[in-house]
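Give the three-dimensional model of this entry:
(one chain, ligands or ions: 1)
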Amino acid sequence: MPDVDLVIRDATVVSPDGTRRAHVAVAGGVIVSVGPERPPATETVDAAGLLLLPGGVDTHVHLMDPGSTEREDFPTGTAAAAAAGVTTIVEHSHGQPVRTVADLEAKIDYLRGRSHVDFGLAAHAWPGKADAVAPLWAAGVAFFKVFTCTTHGVAGHDAAALRTHLQSTARVGGVSLMHCEDESLTAAAEEVLRSQGRDDNGILLDWRDRDAELVATAVATLLVRRAAARATIAHVSNPEAAEYVTGERRRGAQLAVESCPQYFLLREDDVHEHGPLRKFTPPARARIDDDEHQMWRLLRAGTLTHISSDHAPSTLEQKRAGDIWNVHFGLPGLDSTFALLLDAAARGHLSYSDVARVYAEAPARAYGMWPRKGSLLPGADADIVLVDPTVRRTLRNDDVLSKAGWTPYDGRAVTGKVVRTYLRGECVAVDGAAVGDHDGRFRPGAGASSAYPSTLTARP
Ligand SMILES: [Zn+2]
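Got it, this is the predicted structure:
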């Protein structure tokens, strides 16, 4: 065994396969052993009574940097990530989308020294520009973000553009993250609502209704199968939409299914009271407790394959600067997502192993990062989170590290707290605060020749 830098001893090690008492040894930034052996090490950390999980992998994050840094930037957003227990993110921002290899290279260059955690970068697919897919994939983008409706200034794909894009990704083995809301339905609803002079908070629910999500999901998943492409359906908001994806998966489509805490914990009705602070799309759909329970059941079962934050922050001032039509879509989420999943485990909605699966292993697998990221296997990056599962606390706006400075879960009591986060064996956060330098590295996506060497012993 190489000289060991760090041993975390007597931890309760949590992986998707189960939970066991073990010591974890780290050398040169990678895990070298997980088990009963405890080699001599430069530093030993006693983790008795603590859970040890793989660092969170949040693959749907908008840090607005470069682009709209008055809303967020990489230093603030990744400080929130590290403190929350997230060690890898995949970022894309709509304000300054990556559409060419030159855009990607400029962004990688700009972000050097700005991140507390490792990061991949996604490109934006653009109708009529499918020629950009192959070079961007080879240059190392993590995935292609695709909109079916024009949103945040990014052009929407109709079925023809979507099919062309998916065929282009299939040729190179690329993967897409698809925002599914039907353009014709959202546009028609907007026209009616505006002609009625409506500007009450309730417009959100009529403008971005369930049919719009379902129609786009049905078309997108069908085309993924027919193109033999790979894709993730973004922020699936309700069980019926998840069912459509499951149907196409059964027919052979290579699809992952992402959801977010807001579809488990926030209610459709909240928008009437909170207005712009609940403006995100698709909107929250849960109406009764049973709707929430169904979402947890689908997550446990793997029908919803993974969780992302869809971190898309605005400050309270920015959210209050306009009416429901013109404020930005989106919620801050990096600060709270891991905490809410740990709390869900404490409440029995999930097991801790489920948390490791849905917020580390499954998203890492969806984008070719596993097992180097999202796992505790020997050879993996030593991205590790220590959790005290007994701490009860209250989520507070005051504790938010994101530039947003607030959370929709302000005042919510949760059980479990991330007490330490390690990135490649280095401690990057202690007790809710990021520590150390901006040592996070760009990690090229699966299409790059330099991506995630497959020397690790990967299970199928
Ligand atoms: Zn998003």
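
Just the CA coordinates for the longest helix seen in the chain, please, in PDB.
Longest helix in the chain by number of residues (criterion: DSSP state H): helix 210-227. Presented in PDB, the C-alpha positions along helix 210-227 are these (Å, rounded to 0.1, in the frame of the first residue of the first chain):
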ATOM      1  CA  ARG A 210     -49.100  19.600 -16.400                       C
ATOM      2  CA  ASP A 211     -50.100  19.000 -20.000                       C
ATOM      3  CA  ALA A 212     -47.200  21.100 -21.200                       C
ATOM      4  CA  GLU A 213     -44.800  19.000 -19.300                       C
ATOM      5  CA  LEU A 214     -46.400  15.700 -20.200                       C
ATOM      6  CA  VAL A 215     -46.600  16.400 -24.000                       C
ATOM      7  CA  ALA A 216     -43.000  17.500 -24.200                       C
ATOM      8  CA  THR A 217     -41.900  14.500 -22.000                       C
ATOM      9  CA  ALA A 218     -43.800  12.100 -24.200                       C
ATOM     10  CA  VAL A 219     -42.300  13.500 -27.500                       C
ATOM     11  CA  ALA A 220     -38.800  13.800 -26.100                       C
ATOM     12  CA  THR A 221     -38.600  10.300 -24.600                       C
ATOM     13  CA  LEU A 222     -40.000   8.800 -27.800                       C
ATOM     14  CA  LEU A 223     -37.400  10.500 -29.900                       C
ATOM     15  CA  VAL A 224     -34.600   9.500 -27.500                       C
ATOM     16  CA  ARG A 225     -35.600   5.900 -28.100                       C
ATOM     17  CA  ARG A 226     -36.000   6.200 -31.900                       C
ATOM     18  CA  ALA A 227     -32.600   8.000 -32.200                       C
END
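
after it, next one along is what?
strand 230-233 (DSSP states H and E).

returning to what we had before: buried stuff in the longest helix of the chain?
210, 212-225, 227 (16 or more other Cβ atoms under 10 Å). To be clear about C-beta, it is placed using only N, CA and C from the backbone, and glycine gets the same treatment.

Not counting its own residues, what contacts that helix?
For helix 210-227, contacts defined as Cβ atoms under 8 Å, 6 or more residues apart in numbering pick out 146, 148-149, 159, 162-163, 166-167, 169-170, 176, 178, 180-183, 185-186, 189, 229-231, 233, 236-238, 240-241, 244-245, 247-248, 251-255, 282, 285.

Next: stretch 263-277.
Against stretch 263-277 from outside (Cβ under 8 Å, 6+ apart): 201-202, 204-205, 235-238, 278-279, 283-287, 292, 295-296, 299, 316, 319-320, 322-324, 327, 340, 344, 406, 408-409.

Which members of the residues you listed occur in helices, if any?
L204, L205, E292, M295, W296, L299, L316, K319, L340, A344.

Return the closest of those with respect to N397.
When the ones in helices among the contacts of stretch 263-277 are compared for distance to N397 (Cβ to Cβ), L316 comes out closest, at 8.2 Å.

quick revisit: which of the ones in helices among the contacts of stretch 263-277 count as buried?
Among these, the ones that count as buried (16+ other Cβ under 10 Å) are L204, L205, E292, M295, W296, L299, K319, L340, A344.
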